[in-house]
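Engineer: next comes the sequence, and after it the predicted model I'd like to discuss.
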Amino acid sequence: GGYLYRFKDENGSTPKGAPITVDTTEARIISRGDTSTSNEFNCLLDLLPDGCDTVFEVSSLAKTQYFAVESREEALAWVNSIRQ
């Protein structure tokens, strides 16, 4: 089984928090153009950092986390990697 590790930033060398077990994780893309995106998520998309326009969601039994990325293509790459 694989794990997803989070870091403070792209130069971080020490994982932040507990690793997320990929085998028991669901991942999906949340973007403004999706018909399944609710108003709640549209508010989230309005608060993204500069340079980011898409979010992907990682859900496990314990919690759901959201990660902002620059593009839908980058989110798709993350989601596909998690699902493999």
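Structural biologist: That came in fine, so what should we check first?

Engineer: just give the number of residues close to residue 46.
Structural biologist: 8 (other CB atoms under 10 Å). Every residue, glycine included, has its C-beta placed from N, CA and C.

Engineer: just confirm residue 82 contacts residue 4, I think it does.
Structural biologist: Yes. The criterion here is CB atoms under 8 Å, and residue 82 meets it with residue 4 at 6.5 Å.

Engineer: any shared contact partners between those two?
Structural biologist: 22, 25, 58 (CB atoms under 8 Å, 6 or more residues apart in numbering).

Engineer: closest one of those residues to residue 16?
Structural biologist: residue 58 (14.0 Å; CB to CB).

Engineer: doesn't the closest one lie inside a strand?
Structural biologist: Yes. The assignment for residue 58 (DSSP: H, G, I helix; E, B strand; the rest coil) places it in a strand.

Engineer: what sits opposite it in the beta ladder?
Structural biologist: Judged by DSSP bridges, the bridge partners of residue 58 are residue 27, residue 65.

Engineer: which residues touch it?
Structural biologist: Per CB under 8 Å, 6+ apart, neighbours of residue 58: 4, 20, 25-27, 64-67, 82.

Engineer: same thing but at 7 Å, please
Structural biologist: 4, 20, 25, 27, 65, 67, 82 (CB atoms under 7 Å, 6 or more residues apart in numbering).
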